[in-house]
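> Pasting the sequence and the predicted model now:
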Amino acid sequence: MTVLPDDGLELAGEFPDATHEQWQRLIAGVLRKSGKDVGEAHAEEALSTALEDGLRTRPLYTAHDRAPEPGYPGFAPYVRGGRPEGNTAGGWDVRQRHAAADGGAVLADLENGVTSLWLVVGEGGVPVTSLAQVLDGVLLDLAPVVLDAGAEAEPAAREFLRLCAERGVAADAVRGNLGADPLGHEARTGRAADFGPAVGLARRCAEEYPGLRALTVDALPYHEAGGSAAQELGASLATGVAYLRELTAAGLSVGQACRQLEFRYAATADQFLTIAKLRAARRLWARVAEACGAPGAGAQVQHAVTSPVMMSRRDPWVNMLRTTVATLAAGAGGADAVTVLPFDDALGLPDAFARRIARNTSTILIEESHLARVIDPAGGSWYVERLTDELARAGWEFFQGIERDGGQAAVLRSGSLPRALADTWRARSAGIAKRREPVTGVSEFPFLAEKPVVRESGPEPRSGGLPRVRRDEAFEALRARSDAHLAATGARPRIHLAALGPAAAHTARLTFAANLFQAGGVEPVVGGAFEDSGATEVCLCSSDALYEEQAEAEAARLRAAGAAHVFLAGRPASYAGVDAYVFAGCDAVAVLSATLDRMGVVS
């Protein structure tokens, strides 16, 4: 550590230290000016943001918010990374996902920056018999392969190992993961899987293939079912513990069993929550390993995947921004491998351009932004350390609840885990419907005239178990109704936006209303007379002062002109002749659905 000389120069030395109370006083003053009379003691609470799992993000963190000591990179509790050098040697493993038998796409990825392959095999992916074709030309001693074969894990693993032997790859040179995940398969499909093949593969890897893992603990099914970060952590821990029990019962030591597991987590555009989740996951798994008597085997190997839940089907180009932030978070959080889903992933099979953008996202962050040069770049931030600790505690509590109820298999089969995930998603969906969690290009800044992006349909994913949710699903259903109406009639459903007074009085609410109605596929008609708009619905847009003067008279005039329903943008006092109000925080999905119903736009 470099010690600076005492040259009498002290940063901000001429200024007295500001106190926390002074800061609270200033914030309370600003809030009062905005119309919120909040006392100084509650100023921070007023600016706090509620997260899932009962967590809150506060506006200010100080040294008083210290969390437990995170340790050093590569040492227990592994909060700061599973390896002392982190990803500084060459960046994280850039892992591309393939679910179609396209060997050309696989080779193109490997030739242009991808360092490992994630192959969906069997149901919902590449047939086992096509593995040789897909891996034709792939140097299996250089490119690790991760399989995801569900119920066909054993035959897929057998075929992969046969290919390695056939091509002369030494057993100690084989890298990757055979991807057995019986509980993950059950979560996806609702069909109980036999642990026997997974145990057999783990024993074989432990005995013959030192660089190959046999099992994946995939937390994506719980994330994709609408689960929170803590639920994702708790379910992954419970799954990992279930696998440890099976493997040690078959004769492996705890250390050997731990070395057969790789954990897969979702990375979202909430960058700090993603960073904290990956750090918390390592801490929690280290605690499990310590409790099992193998503290030295507690370094969790992590594969982060950009969240499918956040991917939109409308304006899919925005997905590039979402995946970039998620990839940055995964890298900063210390993930060993990162998969960036192509921006058109929700639409079908990605094209060459989408795959290129996906792999280049990691390349730019590693090679140009130099993100991997710093080990645990978020470490030391009072906010990140505190969030890591709070999330770890919430995840551990959820894990303990699963264990009390009999373990991961039991809670899947009893329905208690699916119900918990559904409850979380129901609460989150309410926020999305009210646009408190905006989805750019969907619920915010939608573009009705956009040309749809069309892709070839891919294999149907595994289903029958936990649902797969998306943030855009409620608005997507509304937009689909509008599209069908356009195809049938040649025009979209319309609403006339009636601006009252000068631009300064109506611009903000006019923009708000246009944005809201377009999110449901309703075309706003601005300007001109209502009679010429071709609309049956109308929305008044102006200031509260002008509403007081003109709203009732204007509503009466519009009704006389044939308006079937009159909205008002804002939330002032009620006015005669106005049927409904649209405002920030209203249930936009309910408003839009009812509007389409009145217009005769069928579901």
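Cool, got the structure.
> make it CA atoms for all contacts and neighbour counts henceforth
Will do.
> dump the residue contacts of Asn388.
No, residue 388 isn't Asn; it's Thr. For Thr388, the contacting residues are Ala276, Lys277, Arg279, Ala280, by C-alpha atoms under 8 Å, 6 or more residues apart in numbering.
> In three-state terms, label it for me.
helix (DSSP: H, G, I helix; E, B strand; the rest coil).
> again with Pro68
For Pro68, the assignment made with three-state DSSP gives coil.
> And for the one 5 residues further on?
In terms of secondary structure, Pro73 is coil; the call rests on three-state DSSP.
> Any figure for the gap between it and Arg373?
Between Pro73 and Arg373 the distance, using C-alpha to C-alpha, to the nearest Å, works out to 14 Å.
> again with Leu478
With the distance defined as C-alpha to C-alpha, Leu478 ends up 45 Å from Arg373.
> swap in Thr129?
The span separating Thr129 from Arg373 equals 41 Å under the rule C-alpha to C-alpha.
> what's near enough to touch Gly39?
Contact criterion C-alpha under 8 Å, 6+ apart gives Ala28 as the residues in contact with Gly39.
> Repeat that for the one 10 residues further on.
For Thr49, the contacting residues are Arg56, Thr57, Arg58, taking C-alpha under 8 Å, 6+ apart as the criterion.
> Name the nearest of those residues relative to Leu47.
Taking C-alpha to C-alpha as the measure, Arg58 is the one of the contacts of Thr49 closest to Leu47, at 6.9 Å.
> re earlier: look at Leu478 and Arg373 and report which has more neighbours.
Neighbours per residue, other C-alpha atoms under 10 Å: of Leu478 and Arg373, the larger number sits with Leu478, 22 against 17.
> how about the nearest residue to the more buried one, chain neighbours excluded?
Closest residue to Leu478 in three dimensions, ignoring its sequence neighbours and counting by C-alpha to C-alpha, 6 or more residues apart in numbering: Gly520, at 5.1 Å.
> The one you found reaches Val589, doesn't it?
Yes - here Gly520 lies in contact with Val589, judged by C-alpha atoms under 8 Å, at a distance of 7.5 Å.
> which residues do these two both contact?
Taking C-alpha under 8 Å, 6+ apart as the contact criterion, the residues that touch both Gly520 and Val589 are Phe475.
> So for these two, which residue has more residues nearby?
The neighbour comparison of Gly520 against Val589 (other C-alpha under 10 Å) goes to Gly520, with 29 against 23.
> Show me just the buried residues among the contacts of Thr388.
Among the contacts of Thr388, those classed as buried by neighbour count (16 or more other C-alpha atoms under 10 Å) are Ala276, Lys277, Arg279, Ala280.
> for these, which one is nearest Ser603?
Lys277 (38.7 Å).
> Can you point out the buried residues in the helix or strand where that closest one lies?
Element membership for Lys277, per DSSP states H and E: helix 271-291. Neighbour-count burial for helix 271-291 flags 271-290 (criterion: 16+ other C-alpha under 10 Å).
> just stretch 190-203 next, same as before
By neighbour count, with 16+ other C-alpha under 10 Å as the criterion, the buried positions of stretch 190-203 are Gly190, Arg191, Ala192, Ala193, Pro197, Ala198, Val199, Leu201, Ala202, Arg203.
> can you give me the end-to-end distance of it?
26 Å.
> which outside residues touch that stretch?
By C-alpha under 8 Å, 6+ apart, the residues outside stretch 190-203 that reach it are 151, 153-154, 157, 178, 180-183, 185-186, 213-215, 246-247, 250, 252, 257, 260, 463-466.
> Over to stretch 453-471?
99-100, 123-125, 186-191, 221-222, 224-226, 308-312, 316, 344, 347-351, 418, 429, 432, 439.
> change it to 7 Å
With contact meaning C-alpha atoms under 7 Å, 6 or more residues apart in numbering, stretch 453-471 is reached by 123-125, 186-190, 221, 224-226, 309-310, 347-350, 418.
> how far is it from where the chain is centred?
The chain centroid and the centroid of stretch 453-471 are separated by 16 Å under C-alpha atoms, centre = their mean, to the nearest Å.
> and Val525, which of the three is it?
With three-state DSSP as the criterion, Val525 reads strand.
> counting contacts, what elements does the helix or strand harbouring Ala105 pack onto?
Following DSSP H and E, the helix or strand that holds Ala105 is helix 103-111. The criterion is 3 or more C-alpha pairs under 7 Å, 6 or more residues apart in numbering; DSSP states H and E, and there are no helices or strands that helix 103-111 contacts.
> what's the next secondary structure element after that helix?
Moving toward the C-terminus from helix 103-111, the next helix or strand (DSSP H and E) is strand 116-120.
> buried stuff in whatever helix or strand comes next after that next one?
Of the helices and strands lying after strand 116-120 in sequence (DSSP H and E), the nearest is helix 131-134. Judged by neighbour count (16+ other C-alpha under 10 Å), helix 131-134 contains these buried residues: Leu131, Ala132, Val134.
> Just to check, Arg56 is in contact with Glu45?
No - distance between Arg56 and Glu45: 9.2 Å, which falls outside the contact criterion (C-alpha atoms under 7 Å).
> all helices of the stretch 251-400 of the chain, in order?
Per DSSP state H, counting those that start in this stretch, the stretch 251-400 of the chain carries helices over the ranges 254-258, 271-291, 319-332, 352-363, 382-404.
> check which helix or strand covers Leu183.
Using DSSP H and E, Leu183 maps to helix 182-189.
> angle of the following helix or strand past that helix against helix 182-189?
Sequence order places helix 196-208 as the next helix or strand after helix 182-189, per DSSP H and E. Helix 196-208 and helix 182-189 are oriented at 140 degrees to each other (axes from the mean of the first three to the mean of the last three C-alpha atoms, to 10 degrees).
> Show the average pLDDT along helix 196-208.
Averaged across helix 196-208, the pLDDT comes to 97.
> Please tell me how far it is from the chain's geometric centre.
On the basis of C-alpha atoms, centre = their mean, the separation between the geometric centre of helix 196-208 and that of its chain is 32 Å.
> Also stretch 125-145?
29 Å.
> now what about it, what contacts it?
Stretch 125-145 is contacted from outside by 99-103, 107, 115-118, 120-122, 156, 163-164, 169, 173-177, 459, using C-alpha under 7 Å, 6+ apart.
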